[in-house]
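Trainee: Fold the stuff below for me.
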Amino acid sequence: MMAVFEKGERLRHIGHLDIQRAMQRALRRSGMPVKYSQGFNPHILVTFASALSTGAWGKKELMDVTLREDVAPETFLQAMNAALPPDMQLSFCRTLEDQHPALMAQVAAADYTMTLTDDDAARKCAESVEGFLAQETIMEMRKTKSGLKECDIRPLIHHLAVEGNQIHAVLTLRETTSCKPDMLVRALCRFAGCEVPRFLTVRNGLLGENAQGELTALETL
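Mentor: Presented below is the predicted three-dimensional model:
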């Protein structure tokens, strides 16, 4: 069963492992016929499409739950929402075939909104977007297991716009390469000639590629 859920704004400082534990407890409380792994320490078979960074909140996070028997999506939705807190409610679910690709492998990009707390910085960023995107390369530092490395994030920016104090962006998010919101904001502020202000990040949704290679909402694939 694939399900779309919210990690509400009040939960933005809760880490991914705690979200996983909360969802597993809710699955047990819901009474749904969940399937467990084999071995000495069996656990519920649930996977998440993409971990959300601590400090960010998400409107449409995705998970895949393996069930022992068929359950109607409406039944699963109602049972889970009765067991979940208000800030982690499910908004949609549907049955997936066994041969359906893993959600994590399908993620290609994410839609973000970053709300800046500094109006002057937001104005400078808005004025700089066109020139920023006109660059052939945009170098930024990325954290890796072996330390900080410089990378070109220009090919990873699919969409960028600034409205008021909000930066709207669609950024590549893959297992092998990605552009995180903080990388984009740092690079844009540096180009705009302003200090990086405090900002709140919300992930509006996860995107995959359809048969035509176009980015589309992952839950529809």
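Trainee: Next up, the contacts around A192.
Mentor: Residues in contact with A192, defined by Cβ atoms under 8 Å, 6 or more residues apart in numbering, are 121, 124-125, 127-128, 132. (C-beta placed from N, C-alpha, C; glycine too.)
Trainee: hmm, 10 Å instead?
Mentor: Listed by Cβ atoms under 10 Å, 6 or more residues apart in numbering, the contact partners of A192 are 121-129, 131-132, 162.
Trainee: before we move on, what about Q135?
Mentor: 152, 154, 187, 191.
Trainee: Are any of the contacts of A192 buried, and if so which?
Mentor: 121-126, 128-129, 132, 162 (16 or more other Cβ atoms under 10 Å).
Trainee: would TSV of those residues with pLDDT, secondary structure and distance to A51 be doable?
Mentor: Formatted as TSV, those follow (pLDDT from 0 to 100; DSSP: H, G, I helix; E, B strand; the rest coil; distance: Cβ to Cβ, whole Å):
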residue	pLDDT	secondary structure	distance to A51
A121	98	helix	28
A122	98	helix	28
R123	98	helix	33
K124	98	helix	32
C125	98	helix	27
A126	98	helix	30
S128	98	helix	31
V129	98	helix	29
F132	98	helix	28
V162	98	strand	27
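Trainee: who does the least confident helix or strand in the chain by mean pLDDT touch, helix- and strand-wise?
Mentor: Ranked by mean pLDDT, DSSP states H and E, the helix or strand of the chain with the weakest confidence is strand 139-144, at a mean of 89. Contact analysis of strand 139-144 by 3 or more Cβ pairs under 10 Å, 6 or more residues apart in numbering; DSSP states H and E lists strand 147-152, helix 181-192 as its packing neighbours.
Trainee: Where among those is average confidence lowest?
Mentor: Of all these, the segment with the smallest mean pLDDT is strand 147-152, scoring a mean of 91.
Trainee: Relative to E61, how far out is the residue of the chain positioned farthest from its centre?
Mentor: Centroid-distance maximum for the chain: F40 at 31.9 Å, with Cα atoms, centre = their mean. Using Cβ to Cβ, to the nearest Å, we find F40 at a distance of 30 Å from E61.
Trainee: top strand in this protein by residue count?
Mentor: Selection of the longest strand in the chain by residue count, based on DSSP state E, yields strand 199-209.
Trainee: What residues of it count as buried?
Mentor: 199, 201-203, 205-208.
Trainee: Given it, what are its sheet partners and their directions?
Mentor: Partner strands and pairing direction for strand 199-209 (DSSP bridges) are strand 57-65 (parallel), strand 109-116 (antiparallel), strand 215-217 (antiparallel).
Trainee: and the least confident helix or strand of the chain with helix 181-192, angle?
Mentor: Angle, strand 139-144 to helix 181-192, by axes from the mean of the first three to the mean of the last three Cα atoms, to 10 degrees: 160 degrees.
Trainee: neighbouring strands for strand 139-144, and are they parallel or not?
Mentor: Here, using DSSP bridges, strand 139-144 pairs with strand 147-152 (antiparallel).
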